[in-house]
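1. Next input, structure requested:
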Amino acid sequence: MHQPIRDHLEDYLKGAGRSIPQEFRAHLEGCPDCARDLRLLEQQSRTLRTLASADAEPRAGFYARVMERIEAQQTSIWALFLERKFGLRVAIASATLAVLLGAYLVSTEPGGMLSSTPSVVLTDAPVADAGLQPDAVEQRQRDAVLVDLASFHE
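-> Residues are numbered from 1 along each chain as shown. All right, here's what the predicted structure looks like:
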């Protein structure tokens, strides 16, 4: 559609024929494409006006039927557990959680199978400290006392 038609298209479709300039009419007479497009737009405009004037109210009982459908479709949250896929996923997740918690409890149980408590053997035999600096020997003795205190049980 060419510019002279676009500039005054709304006025023409509204029916304001007197305010449309002569160049608009002259272009319509000389351009069959714009004339064809304008005829199609006039038909659409008439159709839209008839639809706008039609009664837009829903039939009687429409809202009641909508509410009945909504209430019929409502299901309980517990119904999800009855679905096979969802129930299977919950069961697998629960079993995995139980295994992880069991492994954690076994690994942290004092005196359990996986206990990581250091064991110290104290003997009266002298430790060979030959070749160590005096500071290193003293540090080694402090560490031994600390291990004794940390592992003491009554």
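
2. What does residue 20 show for phi and psi?
-> Dihedral angles of residue 20 (phi, psi; degrees, to the nearest 10) stand at phi -90, psi 130.

3. what do you get for residue 21?
-> Dihedral angles (degrees, to the nearest 10) for residue 21: phi -70, psi 170.

4. Spit out the contact partners of it.
-> Listed by Cβ atoms under 8 Å, 6 or more residues apart in numbering, the contact set of residue 21 reads residue 8. Quick note: C-beta positions are derived from backbone N, CA and C, even for glycine.

5. Run through the strands of the protein in chain order.
-> Along the chain, no segments are classed as strands by DSSP state E.

6. Could you tell me the model confidence score at the spatially most central residue of the chain?
-> Nearest residue to the geometric centre of the chain (Cα atoms, centre = their mean): residue 86, 18.4 Å. Looking at residue 86, its pLDDT is 87.

7. Quick check: the closest residue to it other than its chain neighbours vs residue 92, distance?
-> Distance criterion Cβ to Cβ, 6 or more residues apart in numbering; nearest residue to residue 86, sequence neighbours excluded, is residue 80 at 5.3 Å. Distance, residue 80 to residue 92, using Cβ to Cβ, to the nearest Å: 15 Å.
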